[in-house]
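Undergrad: Everything below, folded, please.
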Amino acid sequence: FTRTTNPFKPARVQAIVNAVQLGDDLTEEQRAAVQALICEFADCFALSIKEVTPVPGAIHKLNVPADATFSKKVHQRPLTPPQRAFVHKKIDELLEAGAIAPCSPSDVKCIAPITLAHKVH
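TA: Numbering: from 1, shown residues only. Purely as a prediction, here's the structure:
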């Protein structure tokens, strides 16, 4: 079951409800209202990057002056082995889903370091 084949399949909707974390400050009535909204709009949620689809006609363009130059020097802080494994896995997922594409080093115009943000869970 996926967002494109059957977005309202009960097992998929339940997986979305389970994935959404609600605060402890909600009343039971508010919690039920939020869960009802999630169920109603289940087709708006993606359970994985593979379910994210491009918006037809959407184009992202940066208006960068033709004579602008950017750093091509890598200033990446070393990643620990677990961080490196995590980043490589995420890159592979994005490549497989078609969200990103490999490019030739000669096509690179700018380099920025990867920053892993710690999330509070």
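Undergrad: Which residue is most remote from the mean position of this structure?
TA: Distance from the C-alpha centroid of the chain peaks at Asp67, with 32.1 Å (Cα atoms, centre = their mean).
Undergrad: Let me know the secondary structure of it.
TA: Under DSSP: H, G, I helix; E, B strand; the rest coil, Asp67 falls in the coil class.
Undergrad: And the pLDDT for it?
TA: Note on Asp67: pLDDT of 88.
Undergrad: for Arg3, same thing?
TA: For Arg3, pLDDT reads 68.
Undergrad: next one: the one 3 residues further on
TA: Looking at Asn6, its pLDDT is 85.
Undergrad: what's near enough to touch it?
TA: Residues in contact with Asn6 (Cβ atoms under 8 Å, 6 or more residues apart in numbering) are Arg12. In this view, the C-beta of every residue, glycine as well, is placed from N, C-alpha and C.
Undergrad: try Pro7
TA: 42-43.
Undergrad: and Ile38, helix, strand or coil?
TA: Taking three-state DSSP as the rule, one finds Ile38 in the helix state.
Undergrad: That one touches Cys44, doesn't it?
TA: No: Ile38 lies out of contact with Cys44 (Cβ atoms under 8 Å); the separation is 9.1 Å.
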